[in-house]
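Undergrad: next comes the sequence, and after it the predicted model I'd like to discuss.
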Amino acid sequence: MFDIKRWFAARQRRRPDDDVGCAAVALDEGRPEEALAALDKALAGDLTPERRAFGLNKRGVALIALGRRDDARAAFTEALAAVERCAPPLVNLGNLLLEDGDVEGAIESYRAAIRADESYPMAYLNLGVALKRAGRRAEAVRSLRTGHRLEMRRPP
């Protein structure tokens with residue numbers, strides 16, 4: 001559900017001053033080419049493992065937006081090499097698996113994301129979608145409810 005207050009609050013935030021943060025904003029605003037250029041510049045530098053994983057995950061998202069799925073998969077895998085238990089790239093890998101028709105593989109990827117971060121709503125929401133596709137409706141409903149509850153608790 002669209003939350004106008006959250007949208008407006010996000011628009012009022014101060015713009016980041018590093019390349020990774022600027023790339024994330026460019027992605028949010030629908031400019032994947034600009035995001036990819038900023039991420040390539042940032043990833044060439046010296047980043048902490050966590051910031052590198054964040055940047056590589058965003059790079060994968062930009063690559064998906066540009067239709068480069070194989071390159072995106074490589075970026076998500078590289079993000080996990082930087083930080084093994086990182087929920088966002090695990091969810092994004094699950095999304096690729098689900099789109100490819102590998103429902104059980106996607107379910108396992110989403111469950112791995114939940115093990116990495118039990119408070120990451122997208123893992124539960126996407127797990128719910130995959131479980132529903134697998135015909136496991138009761139599990140799907142529980143996962144979707146958990147994801148929705150966690151999403152509502154997140155600050156804007």
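TA: Noted; the coordinates are in hand.
Undergrad: hey, let's count contacts and neighbours off CA atoms from now on
TA: Will do.
Undergrad: check contacts around Gly139.
TA: One correction, residue 139 is Glu, not Gly. Glu139 makes contact with 128, 131-132 under the criterion Cα atoms under 8 Å, 6 or more residues apart in numbering.
Undergrad: where's it relative to Leu90, distance?
TA: Relative to Leu90, Glu139 is positioned 20 Å away (Cα to Cα, to the nearest Å).
Undergrad: what do you get for Asp18?
TA: 24 Å.
Undergrad: so which of the two has more stuff around it?
TA: Neighbour totals were compared for Asp18 and Leu90, and Leu90 leads with 27 against 11 (other Cα atoms under 10 Å).
Undergrad: ok, back up a step: neighbour-wise, which of the contacts of Glu139 leads?
TA: Most neighbours among the contacts of Glu139, by other Cα under 10 Å: Gly128, with 26 neighbours.
Undergrad: residue closest to the middle of this structure?
TA: Centroid check for the chain by Cα atoms, centre = their mean gives Pro88 as the closest residue, at 3.8 Å.
Undergrad: isn't it right up against Gly55?
TA: No - using Cα atoms under 8 Å, Pro88 makes no contact with Gly55, being 10.9 Å away.
Undergrad: just the helices in this structure please.
TA: Listed in chain order, the helices found in the chain under DSSP state H are 4-12, 19-28, 32-43, 49-65, 69-82, 87-99, 103-116, 121-133, 137-153.
Undergrad: okay if I get the ones you listed as CSV plus mean pLDDT?
TA: Formatted as CSV, the helices of the chain follow (pLDDT from 0 to 100):
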stretch, mean pLDDT
helix 4-12, 58
helix 19-28, 87
helix 32-43, 93
helix 49-65, 96
helix 69-82, 97
helix 87-99, 98
helix 103-116, 98
helix 121-133, 97
helix 137-153, 95
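Undergrad: related to what we said a few turns ago, gap between the residue nearest to the centre of the chain and Asp28?
TA: For Pro88 relative to Asp28 (Cα to Cα), the value is 15 Å.
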